[in-house]
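K.L.:
what would the 3D arrangement of this be:
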Amino acid sequence: MLTFNTILKEMKDIPVDRLEEVYQLIHSLNPNKKLYALDGLRKQILSFSGAFSDMNSKDYADFLKHTKQARAKLFDRKIVL
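P.N.:
Sure, this is the predicted structure:
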């Protein structure tokens, strides 16, 4: 059977730069800590901010155009129930 001490022994080998991820995972598993899980998700989403900053405006406009077309094809379908 897995014990708390066994888990702690394994955690000592986790690189320091990955501890934030471990912390977020632990909080996501606790049903009483849903707000912390959402905060972790928000941080993950915000980590992508500036991801397109190195694109020139023409390439970015082309990317947006293709993205809108793909969304229209995927989500603008009539569904018969």
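K.L.:
what segments of the protein are strands?
P.N.:
In the chain, no strands are defined using DSSP state E.
K.L.:
contacts only, for the residue positioned nearest the centre of it.
P.N.:
Closest residue to the average C-alpha location of the chain: residue 44 at 4.5 Å, with Cα atoms, centre = their mean. Under the criterion of Cβ atoms under 8 Å, 6 or more residues apart in numbering, the contact list for residue 44 is empty. For glycine as for every other residue, the C-beta is placed from the backbone atoms N, C-alpha and C.
K.L.:
quick check: the gap between it and residue 59.
P.N.:
Distance of residue 44 to residue 59, computed by Cβ to Cβ, to the nearest Å: 25 Å.
K.L.:
burial count for residue 26?
P.N.:
Residues contacting residue 26 under the criterion other Cβ atoms under 10 Å number 14.
K.L.:
flag the shaky bits of this structure, pLDDT-wise.
P.N.:
Counting by pLDDT under 70, the chain shows low-confidence ranges at 32-37.
K.L.:
can you pull out the helices in it?
P.N.:
4-11, 19-29, 34-46, 57-75 (DSSP state H).
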